[in-house]
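**Student:** mind looking at a prediction? Sequence and model below.
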Amino acid sequence: MNILVTGGAGYIGSVTVDTLINQGHNVAVIDNLDRGHKKAVHPKAVFYEDNIASSKSVENIIRKHNIEYILHFAADSQVGESMVNPVKYFRNNNCAGLELASTAAKCGIKKFIFSSTAATYGEPETIPITESHPNKPTNTYGESKLVFEKYLKWIYTAHGMEFVSLRYFNACGASESYGEDHTPETHIIPIVLEAASGERDYVDIFGDDYPTFDGTCIRDYVHVCDLASAHILALKTQGCAIYNLGIGRGFSVKEVIQAAITVTGKKIEAKVSARREGDPAMLVASSDKIRNELGWKPRFESLESMIETAWRWKQIYPHGYGD
């Protein structure tokens, strides 16, 4: 298949590009390198440093490479930032995304796979969360993703471009060659591993008064390689669909820290800070739909195994991609 990956220099995008190329597909990557890393792009992918809002550039790339499918990862994704700078999130995730989707439909793209989020659901009414759960985002990031899903629905209605939206929970872990390197880092597992390696003095726990068993937020974690496999399975679907991606079990912030201590053998200090605005207390997925319909089965289902891959990658690449 001839596939365009937006955000292919980012964390999940880079692992997915690597998987696609290893399976023999032809891949072009668009990334503006605002948050991505050029070294994270597989050397066999054709790389374009560009913006997805540049309709003419995107159209030229699609036609030059006979692109049939698009995997769309490019987005701003920090919950805290989205609450203090909502305009940035609607501009980048929605306005730029709409230009991309419009160009894709114009060029006759067969399938558009969207990297969405469980943040569309907001504070859950039932656990585990199924795809039929009401969407009531509690942060701008989740709202921007939900809005884009609605764009795709109406573009399909008007132009017939099929889409699959993958609402995943907390991505984590690393492949052998590609891992997590954000500036600033906001994800809990790499932050905990920075504390384990002595790069930071302690880990902030944002609130310990949530209505959970230990007072800290609970999240469903899913390994980045399992996310990549789900995106590739989605390419083979017929029609449009929305799927959750998670392992169906949640872990608290304190449990993540303890698991990292177990994996690394290092002492990790933690301090309680104020809650972050927009953080739901608990997000745990039901991924029964994608398991039953597409046969998706995550290879990594224990928190320790996920953290171990991230720790291994960090030891090989202690300074990330170094750019």
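**Tutor:** All right, it came through fine.
**Student:** per-residue pLDDT of Ala281, please?
**Tutor:** With respect to pLDDT, Ala281 scores 89.
**Student:** wait, it touches Tyr210, no?
**Tutor:** Yes. Counting by C-beta atoms under 8 Å, Ala281 touches Tyr210, with 4.1 Å between them. In short, each C-beta sits where N, CA and C put it, glycine included.
**Student:** who has more neighbours, the two?
**Tutor:** Using other C-beta atoms under 10 Å as the criterion, Ala281 and Tyr210 rank with Tyr210 on top: 19 against 16.
**Student:** the more buried one against Leu283, yeah?
**Tutor:** No. Applying C-beta under 8 Å as the test, Tyr210 and Leu283 come out as separate, 11.6 Å apart.
**Student:** where do the contact lists of these two overlap?
**Tutor:** Counting by C-beta atoms under 8 Å, 6 or more residues apart in numbering, the contacts common to Tyr210 and Leu283 are Ile218.
**Student:** this structure: strands as residue ranges?
**Tutor:** Along the chain, counting by DSSP state E, strands occupy 2-6, 26-30, 46-48, 69-72, 111-117, 162-168, 170-172, 203-206, 218-223, 241-245, 250-252, 270-273, 282-283.
**Student:** same list (those) but as JSON lines, adding distance to Gly142 and mean neighbour count.
**Tutor:** Supplementary listing: those in JSON lines, determined by distance: least, C-beta to C-beta, whole Å; neighbours: other C-beta atoms under 10 Å:
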{"stretch": "strand 2-6", "distance to Gly142": "20", "mean neighbour count": "25"}
{"stretch": "strand 26-30", "distance to Gly142": "24", "mean neighbour count": "24"}
{"stretch": "strand 46-48", "distance to Gly142": "29", "mean neighbour count": "18"}
{"stretch": "strand 69-72", "distance to Gly142": "17", "mean neighbour count": "26"}
{"stretch": "strand 111-117", "distance to Gly142": "6", "mean neighbour count": "24"}
{"stretch": "strand 162-168", "distance to Gly142": "10", "mean neighbour count": "24"}
{"stretch": "strand 170-172", "distance to Gly142": "13", "mean neighbour count": "22"}
{"stretch": "strand 203-206", "distance to Gly142": "17", "mean neighbour count": "19"}
{"stretch": "strand 218-223", "distance to Gly142": "14", "mean neighbour count": "24"}
{"stretch": "strand 241-245", "distance to Gly142": "14", "mean neighbour count": "23"}
{"stretch": "strand 250-252", "distance to Gly142": "17", "mean neighbour count": "21"}
{"stretch": "strand 270-273", "distance to Gly142": "22", "mean neighbour count": "13"}
{"stretch": "strand 282-283", "distance to Gly142": "10", "mean neighbour count": "22"}
